[in-house]
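Novice: Output the structure for:
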Amino acid sequence: MEEIDKIDTITKFLDDLEKLGKQLSLIQEEQKNVLAYMLNLKQKHNTETQEYNQLAVRSRDLQALIDKYRPIYEERMSWIRDIKKKGKTK
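Specialist: Residues are numbered from 1 along each chain as shown. The predicted structure is shown next:
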């Protein structure tokens with residue numbers, strides 16, 4: 001019974017890690033799009049508009065999410081890589 005609980009815990013961990021990776025990818029893609037649109041507005045000298053200011057706020061919020069969750073994701077992925085290495089050396 002305890003073995004099944006460990007397998008369930010590991011499976012949930014891996015599923016959650018995969019979801020986090022996908023969410024980070026989506027956030028990074030949205031950040032890229034927001035920055036591209038802001039650059040477009042800047043090139044048209046439209047940086048004093050409400051739209052530009054809203055995009056700047058959105059960009060900062062997205063970057064804050066990336067800065068918060070990317071290190072967590074990368075740390076957990078390194079755990080997985082380490083476990084895989086140990087499994088191959090046995």
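Novice: all strands of the chain, in order?
Specialist: Read by DSSP state E, the chain holds no strands at all.
Novice: Could you list the low-confidence segments of this structure?
Specialist: Applying pLDDT under 70 to the chain flags the ranges 1, 90.
Novice: contacting residues around the spatially most central residue of it?
Specialist: For the chain, the residue sitting closest to the mean C-alpha position, by C-alpha atoms, centre = their mean, is residue 24 at 2.0 Å. Shown in contact with residue 24 (C-beta atoms under 8 Å, 6 or more residues apart in numbering): 66, 69-70, 73. Using the backbone N, CA and C atoms, a C-beta is placed for each residue, glycine as well.
Novice: just curious, which of these is nearest to residue 18?
Specialist: Residue 18 lies nearest to residue 73 out of the contacts of residue 24, by C-beta to C-beta, at 10.1 Å.
Novice: thought that closest one was touching residue 18?
Specialist: No - using C-beta atoms under 8 Å, residue 73 is not in contact with residue 18; the gap is 10.1 Å.
Novice: Of those two, which one has the most company?
Specialist: Ranked by neighbour count (other C-beta atoms under 10 Å), residue 73 and residue 18 place residue 73 first, with 15 against 10.
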